[in-house]
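>>> What would the 3D arrangement of this be:
(one chain, ligands or ions: 1)
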Amino acid sequence: MSFPKGFLWGGATAANQYEGGYLEGGRGLAISDMITAGAHQVPRKIYYEYEDGKEGVTTIGGSVPKGAHGIVKEGIYYPSHVATDFYHHYKEDIALMAEMGFKCYRFSVSWTRIYPNGDDEMPNEEGLKFYDMVIDECLKHNIEPLITILHFDMPQHLADAYGGWSNRALIPLFVKYATTLLTRWKDKVKYWVNINEVNVLGGYWTLGLSSDNEQTKKSNAVMEASIADAGLKYQAIHHLLVASAHVNKVAHEINSDNMMGCMLALSGIYPATCHPDDVFGAYDFRRHALIFSDVYMRGYYPGYAQGIFDEYNFTLKMEEGDEEILRAHPSDFMAFSYYRTTTFDRNSEKITTTGGQQGSSNPYLKETPWGWPVDPVGLRYVLNELYDRYQKPLFIVENGMGNIDVLEADGSVHDDYRIDYFRDHVKEMKKAIEIDGVNLLGYTPWGWIDVVSAGTGEMKKRYGFVYVDTDDQGNGSLKRYKKDSFYWYKKVCESNGEEL
Ligand code: BG6
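Numbering: from 1, shown residues only. I've put the predicted structure just below:
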């Protein structure tokens, strides 16, 4: 069997990196609005303020100190405020998706467009109407919407007044927000992803955490900062997992056809050598990510969880009913992002426990300009790893390469490197389906149109099949241009993956 009939070819984006319109339509302030632009190996920052007006700064992996709250600072450029302006271009952009033959569009809803403070009694009708229009426009073109309920985003008010996801009070607030969406679009949207990349969340930027941990305050590196607060992070993510199980329950009550997915960043991990400490180290390192999908997909914490918590002297606080809800409402499918592989080297200091974005370099692989190894076979490896482990449908909801593109005078962009990257990855997907028997529902490459980079806040790190005219300072017309990869991917979608 080749790609099955109805395979969902498409593309993915997230509100905070694409939408813009940050204070329009009654939208409230989100933490993502406070994250500055960084650069390659220069972390993005969040400025914060204490009650008395004293200011400080942390990085996207860090927490803000207790008693302080994030601010939007005058004179600083915040790339998400306009981003690539889907808010004002949605019709044009969905027409471009349709022209490419998309069957599916994965996007996230901005929580503060729906509940501006997160704990409002009533939803913001104008925000809901915006997504009504987006969904209807997709359906008009026979594009199946796949909604991510939360993608690197949360209302600032919930961080500052509640301490973010460290507080269980966020569980019912999130369930209320999700229920609003599930009810509103019950006959229009079938595929849902609860939380984006739950295994890489941490600190203030995605969990709204505040902490007086000295290492966090001093740390200038994303990974170090999130490790410093690992205990806090695991507790906060437990609340997200419980909230997701409640959402799955509600979703199936609203419409039993709903397909509820979990989502992890699962770029693969290899041992650097066949030394047993590298082999077991790589296996063990992988568990720091799979711990979350094990809970989502199997409904309970795995036996090795305690070992991970012990590394941080952390004891998980469960409340009555948590175990039952997790067991009763696992995910229907597993969504994941795949960009690269990482090599685990027992002697490397660079390896971290938060998702495998660093490690020793792999001499067999070429890298993107941002140093991400390009590894199509790794995608087949991960597809098999996950299907063998869970035996439930998979969905690749992100894949792609960030690169520097050149817009030519005639409006063309010659991005052969991107075509090569995708062609090689799609070939491996095909093998996973045909030879290995993996049940794969669809494929939505990341940033099908250029969006702001989550990691660096840059515009020049482009992923799209469509070029958007804006730069790292937000200069440009926001006009859209089709890259060479646009025409290539159109053939792929239209031929159901036969013409590569
Ligand atoms: C994933 C995220 O981690 O990777 C996206 O879900 C992100 O939001 C993507 O944009 C690519 O990472 P980056 O840092 O290159 O934008």
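>>> What residues of stretch 17-25 count as buried?
17, 18, 19, 20, 21, 22, 25 (16 or more other C-beta atoms under 10 Å). (C-beta placed from N, C-alpha, C; glycine too.)
>>> From these, which land in helices?
If you go by DSSP state H, the buried residues of stretch 17-25 have 17, 18 in helices.
>>> Take the buried residues of stretch 17-25 and write them to TSV, including distance to the ligand and pLDDT.
Shown next, in TSV, are those (distance: C-beta to the nearest ligand atom, whole Å; pLDDT from 0 to 100):
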residue	distance to the ligand	pLDDT
17	6	98
18	10	98
19	13	98
20	15	98
21	18	98
22	17	96
25	22	98
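>>> wait, what's in contact with residue 83?
Taking C-beta atoms under 8 Å, 6 or more residues apart in numbering as the criterion, residue 83 is in contact with 16, 17, 18, 19, 20, 451, 452.
>>> quick one on the thing from earlier: which of the buried residues of stretch 17-25 sits closest to residue 493?
Distance to residue 493 across the buried residues of stretch 17-25 (C-beta to C-beta) is lowest for residue 18, with 20.0 Å.
>>> Hmm, the closest one is touching residue 449, no?
Yes - between residue 18 and residue 449 a contact is recorded at 7.4 Å, counting by C-beta atoms under 8 Å.
>>> so what sits against both of those two?
Listed as contacting both residue 18 and residue 449 by C-beta under 8 Å, 6+ apart are residue 84.
>>> Surely residue 429 touches residue 443?
Yes - judged on C-beta under 8 Å, residue 429 makes contact with residue 443 at a distance of 6.6 Å.
>>> what about the two, which has more around it?
residue 443 (26 against 23; other C-beta atoms under 10 Å).
>>> Any figure for the gap between that one and residue 253?
30 Å (C-beta to C-beta, to the nearest Å).
>>> Phi first, then psi, for the closest residue to the ligand within the stretch 351-500 of the chain.
Nearest residue of the stretch 351-500 of the chain to the ligand: residue 455, at 2.6 Å (C-beta to the nearest ligand atom). Per-residue torsions, residue 455: phi -70, psi -40 (degrees, to the nearest 10).
>>> which ones are touching it?
Residue 455 makes contact with 38, 44, according to C-beta under 8 Å, 6+ apart.
>>> Let's see the pLDDT reported for it.
The per-residue pLDDT reported for residue 455 equals 92.
>>> what does the stretch 151-300 of the chain have sitting close to the ligand?
Counting by C-beta under 6 Å from any ligand atom, the positions of the stretch 151-300 of the chain adjacent to the ligand are 152, 196, 197, 265.
>>> how many other residues sit next to the second one?
Each residue near residue 196 was counted by other C-beta under 10 Å, and the total is 26.
>>> residues contacting the nearest residue to it once chain neighbours are set aside?
Nearest in space to residue 196, with sequence neighbours left out and distances taken as C-beta to C-beta, 6 or more residues apart in numbering, is residue 151 at 3.9 Å. By C-beta under 8 Å, 6+ apart, the contact set of residue 151 is 14, 15, 16, 108, 196.
>>> For those, please prepare TSV with the additional fields pLDDT and secondary structure.
Putting the contacts of residue 151 into TSV (pLDDT from 0 to 100; DSSP: H, G, I helix; E, B strand; the rest coil) gives the following:
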residue	pLDDT	secondary structure
14	98	coil
15	98	helix
16	98	helix
108	98	strand
196	98	coil
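>>> most surrounded residue in these?
residue 15 (29 neighbours).
>>> Show me the shaky parts of the chain.
Applying pLDDT under 70 to the chain flags residues 1, 213-228, 349-360.
>>> how about a cut-off of 50?
For the chain, the stretches with pLDDT under 50 are 218-223, 225, 353-357.
>>> got the buried residues for the lengthiest helix in it?
Determined from DSSP H, the single longest helix within the chain is helix 230-254. Buried positions in helix 230-254, judged by neighbour count with 16+ other C-beta under 10 Å: 230-248, 250-252.
>>> buried stuff in the helix or strand that contains residue 99?
According to DSSP states H and E, residue 99 maps onto helix 86-100. Across helix 86-100, burial judged by 16+ other C-beta under 10 Å covers 86, 87, 89, 90, 93, 94, 96, 97, 98, 100.
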